[in-house]
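*Asks:* coords below, sequence missing:
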């Protein structure tokens with residue numbers, strides 16, 4: 001299955017990018033709640049582990065692509081104390097929730113939010129010491145273009161850290177995961193978010209996305225070096241890293 005062709009609303013005339021923006025606008029008000037319910041809070045641990053990989057680099061300027069409701073950006077500020085984190089997303093309603101969280105913690109001087117597309121970033125070449133992407137890379141309409149753009153705005157010797165959901169392969173984790181992802185998750189998501197498509201799109205997008213060595217090959221193809229793949233929680237999630 002070509003991941004570029006997997007879209008939330010198959011009967012829509014909108015582009016994949018516009019459909020993704022529409023989907024996240026639709027579910028923004030319940031996104032954090034449903035996320036915690038589905039992941040049992042384990043996503044916080046995944047984020048901490050991903051961010052810790054940047055600690056030796058001591059990055060000052062960090063870009064958070066597909067920042068959503070801002071959890072990754074907030075955790076990055078807490079763990080690494082950079083000068084600035086710039087969070088970008090194509091969903092204005094997700095960013096509105098992120099802005100509320102940031103203002104509540106009085107971190108408006110540390111975290112800047114912008115409406116922007118990961119495949120067309122409004123920044124100069126070599127702008128950031130590090131780039132983080134949590135659960136957003138599989139939503140890119142054109143993965144190759146997105147990776148090329150991430151490489152462009154990353155400084156020499158900078159690091160890209162990607163956190164993404166993956167499909168476990170071993171019994172019995174695979175069977176439990178399949179039930180959770182293809183049966184339980186759409187039911188919970190539909191009940192709480194009132195968007196029938198969003199949480200059926202999610203498992204399809206995970207299944208269609210290139211995983212493990214296949215994704216590292218794409219990173220290598222787009223000029224990232226020393227690429228690594230770190231599976232987490234029996235392969236339910238993975239961290240991918242690459243240097244420029």
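*Replies:* Thanks, I have the structure now. Predicted model, so just to flag it, every value in this text is computed and none were measured. Numbers count the residues shown, from 1 in each chain.

*Asks:* Could you point out the longest helix of this protein?
*Replies:* The residue-count maximum for a helix in the chain (DSSP state H) belongs to helix 16-39.

*Asks:* what's in contact with that helix?
*Replies:* Helix 16-39 is contacted from outside by 4, 7-9, 12, 14, 43, 68-69, 71, 89-94, 96-97, 117, 119, 139, 141, 180, 184-185, 188-189, 192-195, 197-199, 201, using C-beta atoms under 8 Å, 6 or more residues apart in numbering. To be clear about C-beta, it is placed using only N, CA and C from the backbone, and glycine gets the same treatment.

*Asks:* one more time with 7 Å, if that's ok
*Replies:* Here helix 16-39 makes contact (C-beta atoms under 7 Å, 6 or more residues apart in numbering) with 4, 7-9, 12, 14, 43, 68-69, 90-94, 97, 117, 139, 141, 185, 188-189, 192-193, 195, 197-198, 201.

*Asks:* Could you list which of these belong to helices?
*Replies:* Among those, the members falling in helices are 43, 92-94, 97, 185, 188-189, 192-193, 198, 201 (criterion: DSSP H).

*Asks:* Quick one: which of the residues you listed has the lowest pLDDT value?
*Replies:* In terms of pLDDT, residue 189 ranks lowest among those, with 70.

*Asks:* How about the contacts made by the closest residue to that one other than its chain neighbours?
*Replies:* Residue nearest to residue 189 in three dimensions, not counting chain neighbours: residue 199, with 2.6 Å by C-beta to C-beta, 6 or more residues apart in numbering. Applying C-beta under 7 Å, 6+ apart to residue 199 gives the contacts 185-186, 189-190, 193.

*Asks:* if we go to 10 Å?
*Replies:* Contact partners of residue 199, counting by C-beta atoms under 10 Å, 6 or more residues apart in numbering, are 8, 23, 27, 34, 38, 181, 184-193.

*Asks:* Of those residues, grab the buried ones for ChimeraX.
*Replies:* A single ChimeraX command suffices to select whichever of the contacts of residue 199 are buried according to 16 or more other C-beta atoms under 10 Å:
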select :8,23,27,34,38,181,185,186,189,190,192,193
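
*Asks:* What ranges in the chain fall below the confidence cut-off?
*Replies:* The chain contains residues with pLDDT under 70 at 1-4.

*Asks:* quick one: the strands in it?
*Replies:* Assigned by DSSP state E, the strands in the chain fall at 61-65, 84-89, 111-115, 128-134, 154-165, 225-232, 237-243.

*Asks:* Now distance to residue 176 too, for the ones you listed, in JSON lines please.
*Replies:* Shown next, in JSON lines, are the strands of the chain (distance: least, C-beta to C-beta, whole Å):
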{"stretch": "strand 61-65", "distance to residue 176": "31"}
{"stretch": "strand 84-89", "distance to residue 176": "31"}
{"stretch": "strand 111-115", "distance to residue 176": "36"}
{"stretch": "strand 128-134", "distance to residue 176": "23"}
{"stretch": "strand 154-165", "distance to residue 176": "15"}
{"stretch": "strand 225-232", "distance to residue 176": "16"}
{"stretch": "strand 237-243", "distance to residue 176": "15"}
